[in-house]
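Asks: Model the following, please.
(3 chains)
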Amino acid sequence: MATKQSRSAARIMLAPAVILLLGWMLVPLVMTLWFSFRQYLPLRGGDQGFVGFDNYIRFISSSSFWPSVQTTLIIVGGVLAITVVLGVVLALLLDQPMWGQGIVRILVIAPFFVMPTVSALVWKNMFMDPVNGLFAHVWKFFGATPVEWLSQASMQSIIMIVSWQWLPFATLILLTAVQSLDSEQLEAAEMDGAPFRSRFWYLILPHLARAITIVVLIQTIFLLSIFAEIFVTTGGAFGTRTLSYLIFQRVLESQNIGLGSAGGVYAIILANIVAIFLMRIVGKNLDA
Amino acid sequence: MARAVTNNRKALNTAIAWAIGLLIFFPILWTILTSFKTEAQAISDPPVFLFFDWTLENYAVVQERSNYARFLWNSIIIAGGSTILGLIIAVPAAWSMAFVPSKRTKDILLWMLSTKMLPAVGVLYPIYLLFIELGLLDTRIGLVVVLMLINLPIIVWMLYTYFKEIPGEILEAARMDGASLKDEILYVLTPMAVPGIASTLLLNFILAWNEAFWTLNLTAAQAAPLTAFIASYSSPEGLFYAKLSAASTMAIAPILIMGWFSQKQLVRGLTFGAVK
Amino acid sequence: MKLTVNALLGATALCTAFSAANAETLTIATVNNGDMIRMQGLTDDFTAKTGHTVEWVTLEENVLRQRVTTDISTKGGQFDLMTIGMYETPIWGANGWLVPLNDLSAEYNVDDLLPAMRNGLSHDGTLYAAPFYGESSMIMYRTDLMEKAGLEMPKAPTWQFIREAAAAMTDRAADINGICLRGKAGWGEGGAIITVTANSFGARWFDEEWNAQFDQPEWKEALTFFSGMMGESGPAGYATNGFNENLSLFQQGKCGMWIDATVAASFVTNPNDSTVADKVGFALAPNSEGVEKRANWLWAWALGIPAGTQKEAAAKQFIEWATSTSYIELVAAKEGWANVPPGARTSLYENPNYQAVPFAQMTLDSILAADPNNPTVKPVPYVGIQFAAIPEFAGIATEVSQEFSAVYAGQQTVDEALAKAQALTTDAMEAAGY
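Replies: Here you go, the predicted structure:
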């Protein structure tokens, strides 16, 4: 159907986006690769020459490396699990008839508009502070000892903060999918006496598969690089150092650009492994 | 009988949904409330919820300390500029991928998304050096370009999935009538795509508004947006919950209000092709 | 030819003179601490005197540090003045990144700067940043609670006494913790207090060959003592408490003692913010029995000018304004003597008005007790008390303090933390080529 002319026109239209992104990917990537093979210490006079794979070996053999990969995966996995499960529940709930649906929807999507730094500051100080935080007051009210959230339940706390930020996004996408369900089919199933559980498993969930795929894919991209939430709350202590936080420590706190760049290359590799993994699982759902 | 059941169920739904909605919204509500308290009330034990002496003092202090208007204006320019620039580049790209697909379309799309996986801190130095060379440090145009590039893959993808849902027959009909490529885009596609473009615009405005790494690290005084504004209120000497809350409220209020007014548009197009 | 060069030089000189007289806009990066925020509020006075205007970039301490370090090491030139500390100044000065401050005017009276501060902000005898305020650490304690416990605070107590007093003052039912100390990860937060504590137990970071010393008994003793005492008498969740959290606890009357920066004295005695303002006593930071070094640190927030700025002359004018005696008088006139930036000038401590301030003498004594050139009992190759002035320290100490915070939170033992600290310090020093 497409003519030769429209094909070349299409190419021209695609070109600016591809060229720009190619540049945006290649320039920093090449510079990162270059730095990663050099001993580059800005506070010690800058570039001190080629060191081969030293930085790569040092970064991966550091005792912080594997725990940081694990932490990254736990945070991403935890947030995905919470937002998808609660997102489905919320989407189904919000699709039901009720009074004030519009207002409830506004309340639910509000966290998505809050910048990560603000949300981390608010959660850390006003809710999770073991003395003055609201949670501490609630715990004390019920006679319990306040939890020291950010030290004793550090990972759970961060997963909770990040989930709170991303739940609206998941809910919104899932809600539009729920709304497009064939209601006649559902009603027919209900008439036939199918319990909710089987209606959910055999009708609703398959219909949502594609939306869940998209939620997982987009959130993973954003979650792999979360930073502000950790920087503000724990500063990487108590086992919350993710791979991108470890790179931050190498680049900015230790001022070792070479080592940090090698870490950056590992992070790209990890991201691509996760991406390939995702594509394998979800690729079928994404007939792009 | 059936109606009563429905109403009961509706009441139950309403109760549960409101409870959950308020729970999710509560941190924001609490921040807004705290911003009107005095510092002493903000940490009082037990906490006060509504019955305190409402004061605007914290807003006055924040306003006196920071040039809020400039931070706000920078946020608007940077988020708005990067979104518009992104749309100008992404609309043709998404159009061509949606209507003239080739074997590589899917690969290109996934590759575009993968450029978002480069960890920002890892490339801070390269980008910073580049910005010095180009004289872009602490300029709004520099941030507009960077944020546009960061969000471009999402924009392209969103538009692509939206365009794909536009039936191709309409285009063919238009072509039969002798419409040129330009006419096709301007008079046939664009009107149909407006809802999709609108929600793409909104989503990217939000993402750009909240981006806190590049906006903080590539700016000083002139181009600093609200993300930099809030960085001056985290943990000064002493815990000033009320002032922190006032600053937080000022940082999120504009986008929150915008989001609420436009949530219908946002929701309508936020499908990423999830709905078939 | 020669004539042309001369003419050119003359023209350049003229231009410089001209632009110096012209009104400039200075971009100043600073920390969001109370004294700096007060300075921002007084900027109009500077503009009125010199005609220059100021753009403030106010950031939280950690954000500021990463921001200015990136900028200065890449020569980004975003700032005309930077607020930096005693840690950065000698390192940056040695790298030639800062404009030497050896030509300040006579009325500025550079000799009036406290010698400890001046030395700490110099490299090879050249001053590279001017102290805005300086601090050591000292004990702030509740006189009423001390009395109730039937104890009396000596002027120069030992850690052993502090532990005993803390246990006696603790009243969990009344929400009173005997002692509040920083446990928060970060080299400038919990890292600072544990390092000076270790110093006062005879420990050191590195031996003279730059070998990490966490495998030595002194470190084990210090960390065991610290976490033991805090477990007995410290507040819940102290593993995440930094300066701010402790200040707020003390102001709310929830701490019996607090060992921290001397600048805190003006906050805890300010009746507007503090519920215990009239019940605070001060004492010298403790030492372990028989160890000559006390837990006194030394720090200054100072203003430095990045080399290569176009606005050097105006920047120097700002330094002479902000760190002068007349600035101190300006603050005193507006906010009272207790609120002036402390710890930078000798003349301040000779001023009878300031001597009337309850914490003035103890602040001075604490600063004088700190010796950055000989910070530890055993000899060390580095300068600095709660830090070692080498570029690698900030990164290493932050990670080490994270391991310690995990001890405070009960997530690992002292031995595990010290073993990890030893390993990661050794590794990082190796990476840096020691």
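Asks: what's the neighbour count on B:E64?
Replies: 12 (other C-beta atoms under 10 Å in any protein chain shown). Just so you know, the C-beta spots here come from the backbone N, C-alpha and C atoms, and that holds for glycine as well.
Asks: Look up how far chain C lies from the closest residue to B:I77 other than its chain neighbours.
Replies: Counting by C-beta to C-beta, 6 or more residues apart in numbering or on different chains, B:I77 lies nearest to B:R140, which is 5.3 Å off, once chain neighbours are set aside. Separation of B:R140 from chain C (C-beta to the nearest C-beta, to the nearest Å) stands at 14 Å.
Asks: Go ahead and confirm B:R140 touches B:G80.
Replies: No: when contacts are counted by C-beta atoms under 8 Å, B:R140 is not listed as touching B:G80 (10.4 Å).
Asks: what about those two, which has more around it?
Replies: Taking other C-beta under 10 Å, B:R140 and B:G80 do not tie; B:R140 has more neighbours (19 against 16).
Asks: Quick check: which ranges of chain C have low pLDDT?
Replies: C:1-21 (pLDDT under 70).
Asks: tell me the domain boundaries of it?
Replies: C:2-135+C:299-355, C:137-297+C:375-431 (automatic domain parsing).
Asks: Single out the most deeply packed of those domains.
Replies: The highest mean neighbour count among the domains of chain C, using mean count of other C-beta atoms under 10 Å in any protein chain shown, belongs to domain C:137-297+C:375-431: a mean of 21.
Asks: Quick one: end-to-end length of that one, please.
Replies: Start and end residues of domain C:137-297+C:375-431 are separated by 33 Å (C-alpha to C-alpha, to the nearest Å).
Asks: before we move on, what about stretch B:36-51?
Replies: One end of stretch B:36-51 to the other measures 11 Å (C-alpha to C-alpha).
Asks: residue nearest the centroid of chain A?
Replies: Centroid-nearest residue in chain A: A:L223, 1.8 Å away (criterion: C-alpha atoms, centre = their mean).
Asks: now that one: how far from A:F169?
Replies: Using C-beta to C-beta, to the nearest Å, A:L223 is found at 11 Å from A:F169.
Asks: can you check A:S151 too?
Replies: 29 Å.
Asks: So A:L270 sits against A:T72, correct?
Replies: Yes: taking C-beta under 8 Å as the definition, A:L270 is a contact partner of A:T72 at 7.3 Å.
Asks: hey, where'd the helices end up in chain B?
Replies: For chain B, the helices defined by DSSP state H cover B:2-34, B:39-42, B:57-65, B:68-99, B:105-114, B:124-134, B:140-164, B:168-176, B:181-183, B:190-210, B:214-217, B:226-231, B:241-261, B:263-269.
Asks: Tell me which of those lies nearest to C:V268.
Replies: helix B:39-42 (15.0 Å; C-beta to C-beta).
Asks: for the residue in the stretch 201-350 of chain C positioned nearest to chain A, what are its contacts?
Replies: Proximity of the stretch 201-350 of chain C to chain A (C-beta to the nearest C-beta) peaks at C:G237, 3.4 Å away. Shown in contact with C:G237 (C-beta atoms under 8 Å, 6 or more residues apart in numbering or on different chains): A:129-131, A:146, A:148, A:150-151.
Asks: Return the residues of chain A in contact with chain C.
Replies: For chain A, the contact set with chain C under C-beta under 8 Å from any C-beta of the partner chain comprises A:39, A:41-46, A:58, A:62-64, A:129-132, A:145-146, A:148, A:150-152, A:231, A:234-239, A:241, A:249-250, A:252-256, A:259.
Asks: Among these, name the buried ones.
Replies: A:39, A:41-44, A:58, A:62, A:64, A:129-132, A:146, A:148, A:150-152, A:231, A:234-239, A:241, A:249-250, A:252-256, A:259 (16 or more other C-beta atoms under 10 Å in any protein chain shown).
Asks: which stretches of the stretch 151-300 of chain C form strands?
Replies: Ranges of strands in the stretch 151-300 of chain C, per DSSP state E, counting those that start in this stretch, are C:177-180, C:255-261, C:280-284, C:298-304.
Asks: For the residue of chain B at minimum distance from chain A, give its distance to A:L243.
Replies: Taking C-beta to the nearest C-beta, chain A has its nearest neighbour within chain B at B:G122, 2.5 Å off. For B:G122, the distance to A:L243 equals 10 Å [C-beta to C-beta].
Asks: So for those two, which residue has more residues nearby?
Replies: B:G122 (30 against 26).
Asks: shouldn't the more buried one be in contact with A:Q249?
Replies: No: in this structure, B:G122 is not within contact of A:Q249 by C-beta under 8 Å, at 11.8 Å.
Asks: surely B:I78 meets B:I141?
Replies: No: applying C-beta under 8 Å as the test, B:I78 and B:I141 come out as separate, 9.3 Å apart.
Asks: Give me the more crowded residue out of those two.
Replies: B:I78 (29 against 14).
Asks: show me the contacts for the closest residue to that one other than its chain neighbours.
Replies: Excluding its sequence neighbours, the residue lying closest to B:I78 (C-beta to C-beta, 6+ apart) is B:L143, at 4.8 Å. B:L143 is in contact with B:78, B:82, B:214-215, B:218-219, B:223, B:225, counting by C-beta under 8 Å, 6+ apart.
Asks: Just the buried ones from those residues, in PyMOL syntax?
Replies: Remark: buried members of these, expressed as a PyMOL selection using 16+ other C-beta under 10 Å:
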select buried, chain B and resi 78+82+214+215+218+219+223+225
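Asks: Of the contacts of B:L143, just say which sits nearest to B:P167.
Replies: B:S82 (31.6 Å).
Asks: and residue 32, what does it touch?
Replies: In the absence of a named chain, this looks at chain A. A:T32 neighbours (C-beta under 8 Å, 6+ apart): A:261, A:264-265, B:122-123, B:126.
Asks: other chain: chain B
Replies: Contacts of B:I32 (C-beta under 8 Å, 6+ apart): B:245, B:249.
Asks: And for A:W99, the neighbour number?
Replies: A:W99, neighbours per other C-beta under 10 Å, totals 13.
Asks: One more: A:P168?
Replies: Neighbours of A:P168 (other C-beta under 10 Å): 23.
Asks: That one in helix, strand or coil?
Replies: helix (DSSP: H, G, I helix; E, B strand; the rest coil).
Asks: and it, how far is that from chain B?
Replies: 8 Å.
Asks: Point out the least confident one among the contacts of C:G237.
Replies: Minimum pLDDT across these is recorded for A:V131, with 82.
Asks: In a strand, it, correct?
Replies: No: according to three-state DSSP, A:V131 belongs to no strand; its state is coil.
Asks: related to what we said a few turns ago, ok, which of the strands of the stretch 151-300 of chain C comes nearest chain B?
Replies: Nearest to chain B, of those and by C-beta to the nearest C-beta, is strand C:255-261 at 9.0 Å.
Asks: Report the inter-axis angle for the closest one versus strand C:280-284.
Replies: Interaxial angle, strand C:255-261 versus strand C:280-284 (axes from the mean of the first three to the mean of the last three C-alpha atoms, to 10 degrees): 50 degrees.
Asks: Would strand C:255-261 count as contacting chain A?
Replies: No: judged by C-beta under 8 Å from any C-beta, strand C:255-261 makes no contact with chain A; its nearest approach is 10.8 Å.
Asks: Run through who's touching that strand.
Replies: C:135-142, C:145-146, C:149, C:162, C:165-166, C:169-170, C:176-182, C:193, C:233, C:235, C:243, C:246-247, C:249-250, C:264, C:268, C:285-286, C:295, C:299.
Asks: can you rerun that using 6 Å?
Replies: Contacts to strand C:255-261, defined as C-beta atoms under 6 Å, 6 or more residues apart in numbering or on different chains, come from residues C:135, C:139-142, C:145, C:169, C:177-181, C:246, C:249-250, C:285.
Asks: quick one: strands adjacent to it?
Replies: Strand pairing for strand C:255-261, using DSSP bridges, gives strand C:129-142 (antiparallel), strand C:177-180 (parallel).
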